[in-house]
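Peer 1: What shape does this take:
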Amino acid sequence: MGERAARRYFLTAERFSAAEAHRIGFVHELAQPAELAARVDAILGELLKGAPGAHAVTKDLIAAVAGRPITSELMADMAGRIAGARASEEGREGVRAFLEKRPPAWLAQAKPAAKKGA
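Peer 2: Residues are numbered from 1 along each chain as shown. The predicted structure follows:
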């Protein structure tokens with residue numbers, strides 16, 4: 001949700017629909033109740049494909065650059081962070097796995113969550 005929408009809804013405390021929440025970026029997507037579990041599972045499945053360390057570096061990078069003007073210093077900082085992630089053991093494993101056409105080690109380590117009622 002952007003600053004303008006936040007200002008409006010925080011100050012007015014008015015209710016808004018799911019469609020409005022999607023339009024203003026408060027939610028990423030909408031799903032019917034019957035589709036919700038499948039959509040959550042699909043998104044979690046995509047997240048689990050990523051390297052845990054890369055996720056952490058990415059979150060830090062977003063926090064460091066959000067709202068800042070793009071300058072040569074910012075670009076250098078971003079390049080350094082990305083290069084560091086690629087040079088890490090996890091980054092090297094990801095490149096090796098890609099080149100060897102095999103799943104990366106962190107996928108073999110990920111354990112699927114137990115299903116309710118199973």
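
Peer 1: Excluding its own residues, what touches stretch 61-75? List them.
Peer 2: 77-78, 81-82 (C-beta atoms under 8 Å, 6 or more residues apart in numbering). All C-beta atoms are positioned from the backbone trio N, CA, C, and that covers glycine.

Peer 1: Which of these fall in helices?
Peer 2: 77-78, 81-82 (DSSP state H).

Peer 1: where are the low-confidence patches of this structure?
Peer 2: 109-118 (pLDDT under 70).

Peer 1: Turn the contacts of stretch 61-75 into JSON lines, columns for neighbour count and distance to Asp41.
Peer 2: Compiled in JSON lines, the contacts of stretch 61-75 are given as follows (neighbours: other C-beta atoms under 10 Å; distance: C-beta to C-beta, whole Å):
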{"residue": "Asp77", "neighbour count": "15", "distance to Asp41": "36"}
{"residue": "Met78", "neighbour count": "14", "distance to Asp41": "32"}
{"residue": "Arg81", "neighbour count": "16", "distance to Asp41": "31"}
{"residue": "Ile82", "neighbour count": "15", "distance to Asp41": "30"}
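
Peer 1: picking up where we left off before, of the ones in helices among the contacts of stretch 61-75, which is the nearest to Ala21?
Peer 2: For the ones in helices among the contacts of stretch 61-75, the closest approach to Ala21 (C-beta to C-beta) belongs to Met78, at 30.5 Å.

Peer 1: check contacts around the closest one.
Peer 2: 61, 65.

Peer 1: measure Gly80 to Asp41 for me?
Peer 2: 36 Å (C-beta to C-beta, to the nearest Å).

Peer 1: if we can go back for a sec, just flag the most distant two among the ones in helices among the contacts of stretch 61-75.
Peer 2: For those, and using C-beta to C-beta, no pair is farther apart than Asp77 and Ile82, which are 9.8 Å apart.

Peer 1: Find the helix or strand that the nearest residue to Ala31 once chain neighbours are set aside is a member of.
Peer 2: Nearest residue to Ala31, sequence neighbours excluded (C-beta to C-beta, 6 or more residues apart in numbering): Arg39, at 4.5 Å. Secondary structure from DSSP states H and E places Arg39 in helix 33-49.
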